[in-house]
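output the structure for:
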Amino acid sequence: MTTRRTMRAPGRVDTPAARPIASPGRVGRRRIAELTGSWRAALRIARRESRRAKRRTALVLAMIALPVAALAFLAASYDMAELTPQERMDRRLGVADAELRWVADSPVGQDEWGEGWYTREAERQPTAPATAAQVTALLGPGSRVTEVRTRIPLTLRGPHRDEDVEGRVLDLTDPLARGLVRFRAGRAPRQPGEVAVSPAALRRLDLRLGHAVALADGSRAYTVVGVVEFPDDLGTVVALHPGAAPRAGPGPESTWLADVPGTVDAALVSRLNDRGVVVAARPPAGSTAGSTTERTRMWLGSIGPSDTNDLSTGVLIAGLGLLEVVLLVGPAFAVGVRRRRRDLALVAVAGGDAAQLRRVVLADGVVLGVLGAAAGLLVGVAAAFVGRPLVEQYVFGARFGGYRCWPTALVLLGGVAVLTGVLAALAPAWTAARQDVSAGLAGRRTPPVSRIRWLAFGLSLVAGGAGLAAFGAARTSPAVILTGLILGELGLVCCTPTLIGALARLGRVLPLAPRIALRDASRNRASAAPAICAVMAAVASSVALGGYLASDGARDARAYRPMLPAGHVLVYPHDAARQPTLAQVASAARDQLGTDAIAPLQTVGCAPPGTGYCDIAPALPPEQTCPWQPGDNLSAADRRQARADPRCRIPGTDQYGGYVQTGVDDGRALPLLTGADPAATAAATAVLRAGGVVVTDPRYLHDGLVTVRVNEVDSGTDRPTASADLPGYALPTPIGQPQLLLSPSAARQLGLSWSPAGWVIGTSTPPDRHRQDRFTDALRNFGTFSVSVEYGGGPRDISPLLLLLAAAAGVITMGAAGIATALAAAEGRAELTTLAAVGAAPAVRRMLVICQAGVIAGLGSVLGIVAGLGTAAIVLFSANRQYATSWPVPDPYPYLVPWPALGVLVLVPVVSMLGAGLFTRARLPIERQLD
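Numbers count the residues shown, from 1 in each chain. The predicted structure is shown next:
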């Protein structure tokens, strides 16, 4: 090759030509074009790389798409369940023109849809039920109405127990009412002895068409002639003929469906409002009230302060989930960057700067985020549409509106998915931009550098997050607490690479396999640290929430005040006019509950009965009375004095003053109500038979007397009617709520009356639901009864919830350990080949994989348990500090360790290690290089 030199004339000097000065607009357009071209090339490289690494691409897509699919399913289901005003009106009216409610005998005002109303003058309730003729007269000639009554409680006899159902009275033979239901089978009821039932009631009551069903009290029976579905309630509903149910109340319970000759215009609505009738009619054609934009605006406008707090809490919880996904996806991007070291080095040699190298890696996150978002949205929306009938039946209990998918929420979810991919690729992108080009071309690894500033920054975030969580606990703000937890976890993420490096240096004294596992974790911190942090975040959240739940359960159990001794039963009849005798109830208790311990209960009231409500309560002596009341708004100084005053030691459960239950007894019910020992029972019975009273709180007894005061409540005012100092007895160690038992002579002395209220039954063990149903079935001829069983005040069994939390954390732990271990195994194939070449046994590979899984799952679980216990301690300590200045002083939260959850979480790393060893081939790879 010959190089020719350019000849120039003697004495001539060459001067470089001046560069043309480009205009600012041209420079800006050139930069935009360069940036666009750079991103276009990066996206093409990312698309090619996703096709070449199909397994890693599928793994990342699954982790991004699964939460997106779940949230898209919820968003589409919620949007379909949230009816538009037009759909709500169609459901209320059916084929009618308007729905009328006669709510007052004075003029009223209403909103556009007839859902809210107010009186324009002094409200006057209707004195008599409205009739069809009266309503028709208001509408004018040519109109027709039909009455609909809803929410009528019914108790029907079922195959195993009495079932509570909702009754609706409407004439299904009338086309106006028929438009409210969907017939599934049979026909409409035509006479009072016929009913139509919903499919749920048909299954629950084990009925068929033509079968009979009776009320629980046996007063009436009906024949099932149809199966109907009410779109607004898919539960157990019974449609009754208008003549089948008695009317209760003066009319506002009823609505009227109207068919008018013309249109329901503003003049008609105003005329009906002047008569106290609220009108609901369809909006005019072309209204945009049912559009998506309008519904979104109405939803945003209905958010109040409490809803805003809940929304912020939900956003922070979603942020925790986003952080978890980023940490799980991060190792896959880190391994991809290490596998593409040479490709990235070639890009740098070809003139690519650090920004372009970052774009190449970030483009992987963009491409996989877009693909994951698209897959997740399609799967989620399709599942919502396909599973709509099941969600309607078993979740919402009502039919949805049209098929919708909430586009605004889906766009937001797609953006979050893309953001997740970009954030997961962010740390590997910065690592790729700082790699040594020569080492990348040669295929050598550059040792990671632990920067002290990241450790300092992480420790600062941990301390700041702990302080913020403590402040939020003191202010009872879940949003602030979660913000502190997120900051603390981010701080631990920053500290984890330094911790891995320190552990790798300590691993020099370990055997071969764990030493190699620690060294690989240290060398591959970009993939190991996110996996460890993902395990730590899941375990910390589970332990912190488990510790709070355990402490809250123990606090509630300690504050629980039982109504009766454990195992005892209270029975109250629903129909006071048809009560069985004591002997009949005792016979049923003996046969079904296996006990003879039964006593009648007597309720006390004003004399003569029906003249008003009387408040009967014992009065504390002056030396025992606290100067302040729990409901008072006390100053800080008064609260300090109240906490120091022994007279004001009120339990935290009596925040608004204690309630004393009053009854009349001659000594028979006393041992079953209070659980007193025989000696105390004998002494108390003697006092009652002598005309005295018995209290279960010794503070009310002074000088052998109990002061009983009677206040008659009339028209919202308390008028003292009687007060007497009666001989009394205080039970030493009572069980149950504070009680005042009056003897019959004491009640007569106070001018009170009493009447049978029910029975108390003593059993050694609480009867189960089956025995309770058999007991009520034995008394079925006397009507229906309510049965209340005291199960005792032991600690709540929250073990299933704790185990569920631990299981969720365990799944994340095993998933993160499996992902990181598989990526590490794929990355370390060359080292395994070297081990095979030097004669290592095949079991070394299996042991190496077990140790790698142990490093990820074990270190993450240990850090998570420590962080979770510390978080729970901060939250509980701050909550107790908040209560320290209040009065009455609530019970503090005890600090309890959630041992069931910790037991599961301790076993999870072992399970992860065993699973990794089980699913790993022991044979070492042998590769041969051909010359």
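
alpha carbons only for contacts and neighbour counts from here, please
OK.

which of the three states applies to G605?
Classification of G605 by DSSP: H, G, I helix; E, B strand; the rest coil places it in strand.

neighbours of it, just the number please.
The tally of other residues near G605 (other CA atoms under 10 Å) stands at 24.

if I look at it, how far off is C614?
From G605 across to C614, the span is 6 Å (CA to CA, to the nearest Å).

with A42 instead?
Distance from A42 to C614, by CA to CA: 83 Å.

over to F400?
49 Å.

for V849, same thing?
Taking CA to CA, one finds V849 at 77 Å from C614.

what about E87, helix or strand, and which?
helix 85-93 (DSSP states H and E).

then V278?
Here V278 is assigned to strand 277-281, by DSSP H and E.

doesn't A334 make contact with A424?
No: counting by CA atoms under 8 Å, A424 sits too far from A334 to count as a contact (9.0 Å).

where are the low-confidence patches of the stretch 301-450 of the chain?
301-324, 436, 439-450 (pLDDT under 70).

if we can go back for a sec, more crowded one of V849 and C614?
Ranked by neighbour count (other CA under 10 Å), V849 and C614 place V849 first, with 29 against 21.

after the helix or strand hosting the more buried one, which helix or strand is next? Please name it.
In this assignment (DSSP H and E), V849 forms part of helix 843-883. The helix or strand immediately downstream of helix 843-883 is helix 899-918, counting by DSSP H and E.

R647: neighbour count?
Other residues close to R647 by other CA under 10 Å number 15.

likewise V95?
If we define neighbours as other CA under 10 Å, then V95 has 17 of them.

just the pLDDT for it.
V95 carries a pLDDT score of 86 in this model.

is it in a helix, a strand, or coil?
Quick answer, by three-state DSSP: V95 is coil.

excluding its backbone neighbours, what's nearest it?
G179 (5.4 Å; CA to CA, 6 or more residues apart in numbering).

quick one, what contacts the one you found?
Counting by CA atoms under 8 Å, 6 or more residues apart in numbering, G179 touches 93-96.

these two touch, right, C614 and T662?
No: using CA under 8 Å as the test, C614 is too far from T662 to be in contact (10.9 Å).

any idea which helix or strand in this protein has the lowest mean pLDDT?
The helix or strand of the chain with the lowest confidence, counting by mean pLDDT, DSSP states H and E, is helix 292-301 at a mean of 52.

before we move on, back to that, the helix holding E87 packs against which elements?
strand 277-281 (3 or more CA pairs under 8 Å, 6 or more residues apart in numbering; DSSP states H and E).

swap the cut-off to 10 Å and go again
Applying 3 or more CA pairs under 10 Å, 6 or more residues apart in numbering; DSSP states H and E, one finds that helix 85-93 contacts strand 98-102, strand 254-259, strand 277-281.

what angle separates that helix from strand 254-259?
Here helix 85-93 points in a direction 100 degrees away from that of strand 254-259 (axes from the mean of the first three to the mean of the last three CA atoms, to 10 degrees).

how far away is A221 from H211?
A221 is 10 Å from H211, by CA to CA.

more neighbours: which of those two?
A221 (16 against 11).

where along the stretch 451-600 of the chain do the strands fall?
Per DSSP state E, counting those that start in this stretch, the stretch 451-600 of the chain carries strands over the ranges 569-573, 597-606.

ignore the last one, the stretch 301-450 of the chain
Using DSSP E, counting those that start in this stretch, strands in the stretch 301-450 of the chain do not occur.
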